[in-house]
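A.B. asks: show me the folded form of this:
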Amino acid sequence: MASRFKKSINIILVFALIGIQPIDAFSRTDYERDEGYYHELCSGAKARDHQEECTGFTEYINDKLADSETLLRRIREQKDTVLEEIEDNNELLEVYQKEILVLKERVTEIQESIRMIEADVVETEAKIEVFEKKIKVLEEKVKLNIRASQSSLYVNNYIEFVFGAADFVDLIRRMEGVTRIKQSNDGVVNELIAARKAFDEEKEHLLSQKEQMEAKEASVKKEEHDIKVYQMEVRDLIQSLMAKHQVLEDQSKEVQEKLSFENKLFLDLRNLPNENGFVRPIKTNYWVSTGTWHYAKGGRHMGVDLAHIDARVGMEILAPGSGIITGTQGGCPTYGSYPRGNCNGGWGNYLTMMFSVNGKIYGALFAHLEENSFKLSPGSVVRAGDVIANMGSSGLSSGPHLHLEIYYLGSDSIEAAYDRWDGNITFGTGGANWGNGWEKRCEMNNHDAPCRENPMKIFNYTYEAEY
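C.D. replies: Below you'll find the model as predicted:
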């Protein structure tokens with residue numbers, strides 16, 4: 001009986017303990033499902049009637065901020081690692097650049113030596129040509145002498161000539177005359193043959209020297225070419241690391257902006273009109289200088305380039321739809337350079353935004369903007385057609401133009417899209433050669449958000465057409 005009584009008491013206590021737990025428990029999933037509702041609920045007088053919900057929502061927001069801060073720390077650690085790799089490869093690149101300079105100097109010296117040898121060869125050939133002509137003249141003279149001698153100095157005639165002397169003195173004189181004629185002819189011929197042989201040998205030597213120099217030049221050029229190829233590989237590696245660092249830099253800045261943005265309550269976007277069509281980013285007096293997906297001369301191009309007809313900076317850039325500015329990054333001079341304009345990873349001054357058109361959510365990146373031309377700051381509400389910045393030529397740019405990329409982010413709401421966003425400037429779609437960006441084109445992945453839209457189709461543009 002006592003045992004049954006104790007069991008009954010225990011059961012009653014358990015139910016009593018259960019009974020004092022709150023009936024309404026709120027989980028992270030509840031807050032994630034509709035952050036906009038809880039932001040509004042906990043921002044004003046209603047919060048007093050929903051204290052428990054709002055306390056939980058505050059803790060949820062704090063947890064999100066802590067997650068973002070952890071992400072920011074990880075990004076900064078990765079940046080430090082990439083910077084070390086860049087420094088190591090920069091030193092290697094400097095070594096090869098010095099070797100290239102040494103090789104270029106050697107090639108210049110060899111080419112100058114070859115030019116001198118060629119001049120000597122030309123001069124020597126001219127001398128040989130003069131002597132060849134002289135030899136021919138003398139050979140003809142010798143031939144004439146021989147023929148004259150043969151006509152009168154056959155053996156019998158020679159004997160008659162010699163022994164036809166009037167006396168012994170005349171005999172000696174005749175014999176000496178014949179000897180001198182022969183010696184003269186032989187001496188001239190031998191001298192000319194020796195001279196010609198000497199010049200032929202000199203010419204052969206000079207030609208051989210020229211061939212050796214040309215072989216050396218070819219060898220040095222090949223070595224220079226090989227090192228240049230390797231240098232390009234090292235440079236590509238460094239550019240890749242720089243791009244990776246810039247991506248991390250951009251992510252770091254975007255996460256910082258997002259942290260600042262999330263520290264405030266979400267702006268009320270419900271009063272923004274739902275636009276029924278895209279607004280073109282520039283009103284008039286511009287042309288499509290580069291289309292989407294490919295450059296005219298080859299290579300991938302992930303947006304559309306719009307340039308002023310008279311190649312000017314300062315044209316007003318318009319918001320293509322109503323939404324919010326999600327990020328701005330400046331600090332670059334209005335005029336960059338190509339191919340060395342690496343300010344902000346080559347983007348130059350850029351702005352990102354989220355907006356809604358036809359019930360769908362999009363992201364946009366506006367790059368190469370004019371210095372100090374941002375009209376709005378991150379978190380600002382913007383309406384379709386509002387001026388947001390001005391056209392420039394900052395970063396990796398060969399002339400004034402706007403580089404515009406459009407991203408499809410889903411069909412729910414700007415608040416939800418913003419909550420999914422990781423702060424990346426291309427909204428999680430990668431780039432032309434990184435982050436699987438090529439496969440993230442909407443036309444290739446059946447519009448699986450986030451993906452890259454074709455701005456040419458979005459704004460009904462034609463390549464090289466004027467507007």
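
A.B. asks: who touches residue 386 in this structure?
C.D. replies: When contacts are counted by CB atoms under 8 Å, 6 or more residues apart in numbering, residue 386 touches 318, 319, 375, 376. C-beta: built from backbone N, CA, C; applies to glycine.

A.B. asks: looking at the residues you listed, which are in strands?
C.D. replies: residue 318 (DSSP state E).

A.B. asks: just send the contacts of residue 386 back as a markdown table, with neighbour count and pLDDT too.
C.D. replies: Formatted as a markdown table, those follow (neighbours: other CB atoms under 10 Å; pLDDT from 0 to 100):
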| residue | neighbour count | pLDDT |
| --- | --- | --- |
| 318 | 18 | 98 |
| 319 | 25 | 97 |
| 375 | 17 | 97 |
| 376 | 18 | 94 |
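
A.B. asks: how many residues are close by residue 441?
C.D. replies: 17 (other CB atoms under 10 Å).

A.B. asks: quick check: chain neighbours aside, which residue is closest to it?
C.D. replies: Spatial nearest neighbour of residue 441, excluding adjacent residues (CB to CB, 6 or more residues apart in numbering): residue 452 at 4.9 Å.

A.B. asks: what strand or helix carries the one you found?
C.D. replies: Using DSSP states H and E, residue 452 sits in strand 451-453.

A.B. asks: other SSEs contacting the following helix or strand past that strand?
C.D. replies: Following strand 451-453 in sequence order, the next helix or strand is helix 455-458 (DSSP H and E). When contacts are defined as 3 or more CB pairs under 8 Å, 6 or more residues apart in numbering; DSSP states H and E, helix 455-458 packs onto strand 402-410.

A.B. asks: export only the CA atoms of the strand it packs on, formatted as PDB.
C.D. replies: Extracted in PDB, the C-alpha atoms of strand 402-410 (Å, rounded to 0.1, in the frame of the first residue of the first chain):
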ATOM      1  CA  LEU A 402      30.200  49.700 -67.000                       C
ATOM      2  CA  HIS A 403      30.600  45.900 -66.400                       C
ATOM      3  CA  LEU A 404      27.300  44.500 -65.300                       C
ATOM      4  CA  GLU A 405      26.500  41.000 -64.000                       C
ATOM      5  CA  ILE A 406      22.900  39.800 -63.100                       C
ATOM      6  CA  TYR A 407      22.200  36.800 -60.800                       C
ATOM      7  CA  TYR A 408      19.000  35.000 -60.200                       C
ATOM      8  CA  LEU A 409      18.500  34.400 -56.400                       C
ATOM      9  CA  GLY A 410      15.100  32.800 -56.100                       C
END
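
A.B. asks: could you give the mean pLDDT of whichever helix or strand comes after it?
C.D. replies: Once strand 402-410 ends, the next helix or strand along the chain (criterion: DSSP H and E) is helix 414-420. The average pLDDT within helix 414-420 is 85.

A.B. asks: send me helix 414-420 as CSV with only the CA atoms.
C.D. replies: Output of helix 414-420 as CSV, limited to C-alpha atoms (Å, rounded to 0.1, in the frame of the first residue of the first chain):
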residue,chain,number,x,y,z
ILE,A,414,14.6,40.0,-50.7
GLU,A,415,14.8,39.3,-46.9
ALA,A,416,15.0,35.6,-47.5
ALA,A,417,17.6,36.0,-50.3
TYR,A,418,19.7,38.3,-48.1
ASP,A,419,19.5,35.8,-45.2
ARG,A,420,20.8,33.0,-47.6
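
A.B. asks: measure residue 126 to residue 399 for me?
C.D. replies: From residue 126 across to residue 399, the span is 55 Å (CB to CB, to the nearest Å).

A.B. asks: more neighbours: those two, which one.
C.D. replies: Each of residue 126 and residue 399 has its neighbours counted (other CB under 10 Å); residue 399 has more, 16 against 10.

A.B. asks: and the strands in this protein?
C.D. replies: Going by DSSP E, the chain shows strands at 286-290, 293-294, 300-301, 304-308, 316-318, 322-329, 335-337, 349-357, 360-369, 381-382, 387-390, 393-396, 402-410, 451-453.

A.B. asks: nearest to residue 309, of the contacts of residue 386?
C.D. replies: residue 318 (17.3 Å; CB to CB).

A.B. asks: show me the contacts for the closest one.
C.D. replies: 279, 280, 281, 282, 283, 384, 385, 386, 387, 388.

A.B. asks: could I get the contacts of residue 386 as TSV with distance to residue 431?
C.D. replies: Output for the contacts of residue 386, formatted as TSV (distance: CB to CB, whole Å):
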residue	distance to residue 431
318	25
319	23
375	27
376	25
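
A.B. asks: count residues in the vicinity of residue 390, would you?
C.D. replies: Residues within reach of residue 390, counting by other CB under 10 Å, total 20.

A.B. asks: want to throw the strands of the chain into JSON lines with distance to residue 57?
C.D. replies: As requested, the strands of the chain are exported to JSON lines (distance: least, CB to CB, whole Å):
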{"stretch": "strand 286-290", "distance to residue 57": "46"}
{"stretch": "strand 293-294", "distance to residue 57": "44"}
{"stretch": "strand 300-301", "distance to residue 57": "44"}
{"stretch": "strand 304-308", "distance to residue 57": "41"}
{"stretch": "strand 316-318", "distance to residue 57": "36"}
{"stretch": "strand 322-329", "distance to residue 57": "21"}
{"stretch": "strand 335-337", "distance to residue 57": "45"}
{"stretch": "strand 349-357", "distance to residue 57": "23"}
{"stretch": "strand 360-369", "distance to residue 57": "23"}
{"stretch": "strand 381-382", "distance to residue 57": "23"}
{"stretch": "strand 387-390", "distance to residue 57": "32"}
{"stretch": "strand 393-396", "distance to residue 57": "41"}
{"stretch": "strand 402-410", "distance to residue 57": "23"}
{"stretch": "strand 451-453", "distance to residue 57": "32"}
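
A.B. asks: and those: which comes nearest residue 109?
C.D. replies: If we rank these by CB to CB, the stretch that ends up nearest is strand 335-337, at 33.0 Å.

A.B. asks: other SSEs contacting the closest one?
C.D. replies: Other helices and strands packing on strand 335-337, by 3+ CB pairs under 8 Å, 6+ apart, are strand 393-396.

A.B. asks: hmm, who's touching the strand it packs on?
C.D. replies: For strand 393-396, contacts defined as CB under 8 Å, 6+ apart pick out 313, 332-350, 367-371, 399-401.

A.B. asks: let's go with 6 Å and repeat that
C.D. replies: Contacts to strand 393-396, defined as CB atoms under 6 Å, 6 or more residues apart in numbering, come from residues 313, 332, 334-336, 341, 343-344, 346-349, 368, 399-400.
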